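Engineer: My questions concern the predicted model and sequence given below.
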Amino acid sequence: MQLEINVIDAFTDTVFKGNSAAVIITENWLAEELMQSIATENNLSETAFLVADKSDDKGLSDKKDTYHIRWFSPLTEIAFCGHVTLASAFVLFKKNPTLKVIKFLAKAVGILTVVQTNSGKIQMDFPNTKPEKVETIPDNLLMGLSIAATEVYRNTQAYFVVYPLESDVLSVVRDNEVLKQLKPLDVVVTCQAQSKDYDEYDFISRYFWPANGGDEDPVTGSIHTGLAPLWAQRLGKNELVAYQASSRGGVLNCTVAGDRVLVSGNAVQYLTGFITV
């Protein structure tokens, strides 16, 4: 069996930057074990599998605008992933230039609406997952980071460590084996943007996910549904520009709108091809 695969660099307009994601569209769901094996073989942060919603069938199979979506890291299925959702929308908009809105159906987060803005950015409408303050910091979080965590928040995805300095976020070293003990939660470190190098951004972050993905994620759309409302409250503004300071780097435009967070970004095609399974 041959399957078309598209590899997209998300949250960037430059190839080899942002976060790479694979997108595979099928008529029906592949076996779960096969989807995981493909994601493991791809060895990208995530691989998305899409199946067109049959209830949306108007006899024009190439004009679908509603898709079921599932996300797999090299290690496991993920409940929610932003950058590969952006990548998936990029592929669908490219295949169907007349589409204006795409809806993704996902078990964990419901309906995700994605639009292509006039600026060319792809905007995703996600649930607000603002984290809550943690009073007792887990020992594995304290021991797993080289710079002590003193201000920590938590949502259903990760622990949020707020550092006072950019240098803390940029230089912190993690112990993956220790942080892995926090499973199923991952770890994001963040601070307000301060220096001239980051003066076009409101905040920066890095995301570690040894429990679910392997190491450091280049750019993480989903975590910004927690980061954006956290920083919106701290900075007193609902429109924010974020930079994820991994080795590849990525830019995310975020809007906090009540119980929703709009996350926008660019994407660029890296590869189109076929896999044989």
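Structural biologist: Okay, I see it.
Engineer: where are the low-confidence patches of the protein?
Structural biologist: Within the chain, the stretches with pLDDT under 70 are 56-63, 213.
Engineer: so what are the domain limits for it?
Structural biologist: 2-125+264-276, 132-258 (automatic domain parsing).
Engineer: Turn those domains into CSV, including mean neighbour count.
Structural biologist: C-beta: built from backbone N, CA, C; applies to glycine. Putting the domains of the chain into CSV (neighbours: other CB atoms under 10 Å) gives the following:
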stretch, mean neighbour count
domain 2-125+264-276, 18
domain 132-258, 19
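Engineer: would you list every one of the helices in the stretch 51-200 of the chain?
Structural biologist: 83-95, 139-144, 166-171, 176-179 (DSSP state H, counting those that start in this stretch).
Engineer: Those: which one's closest to residue 35?
Structural biologist: helix 83-95 (12.9 Å; CB to CB).
Engineer: Look up how far residue 101 lies from residue 36.
Structural biologist: As judged by CB to CB, to the nearest Å, residue 36 and residue 101 stand 30 Å apart.
Engineer: Ok, residue 183 next?
Structural biologist: Applying CB to CB to residue 183 and residue 101 gives a distance of 36 Å.
Engineer: give the contact list for residue 242.
Structural biologist: 201-205, 224, 227-228, 231, 251-254 (CB atoms under 8 Å, 6 or more residues apart in numbering).
Engineer: ditto for residue 4
Structural biologist: Applying CB under 8 Å, 6+ apart, the residues near residue 4 are 24, 25, 272, 273, 274.
Engineer: For it, pull up the helix or strand it's in.
Structural biologist: strand 2-10 (DSSP states H and E).
Engineer: CA atoms of that strand as PDB?
Structural biologist: Provided in PDB are the C-alpha atoms of strand 2-10 (Å, rounded to 0.1, in the frame of the first residue of the first chain):
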ATOM      1  CA  GLN A   2       1.300   3.400  -1.000                       C
ATOM      2  CA  LEU A   3       0.300   6.500   1.000                       C
ATOM      3  CA  GLU A   4       1.000  10.200   0.100                       C
ATOM      4  CA  ILE A   5       3.000  12.000   2.800                       C
ATOM      5  CA  ASN A   6       3.600  15.700   3.100                       C
ATOM      6  CA  VAL A   7       6.300  17.100   5.500                       C
ATOM      7  CA  ILE A   8       5.700  20.700   6.500                       C
ATOM      8  CA  ASP A   9       7.800  23.100   8.600                       C
ATOM      9  CA  ALA A  10       5.200  24.800  10.800                       C
END
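Engineer: Residue 82 contacts residue 221, correct?
Structural biologist: Yes. Between residue 82 and residue 221 there is a contact under CB atoms under 8 Å: 1.7 Å.
Engineer: what's the overlap in contacts for those two?
Structural biologist: 124, 126, 263.
Engineer: Which residues are in contact with residue 257?
Structural biologist: residue 238.
Engineer: Mind listing the residues bridging to it?
Structural biologist: Here residue 257 shows beta-bridge partners residue 260, assigned using DSSP bridges.
Engineer: where's residue 277 relative to residue 158, distance?
Structural biologist: From residue 277 over to residue 158 (counting by CB to CB), the distance is 32 Å.
Engineer: Sorry, slip of the keys, the one I care about is residue 271.
Structural biologist: In terms of CB to CB, residue 271 sits 29 Å off from residue 158.
Engineer: can you give me the strands in the stretch 51-200 of the chain?
Structural biologist: For the stretch 51-200 of the chain, the strands defined by DSSP state E, counting those that start in this stretch cover 66-72, 77-78, 101-106, 110-116, 122-127, 132-133, 152-154, 158-162, 186-192.
Engineer: Nearest to residue 5, out of these?
Structural biologist: strand 66-72 (13.1 Å).
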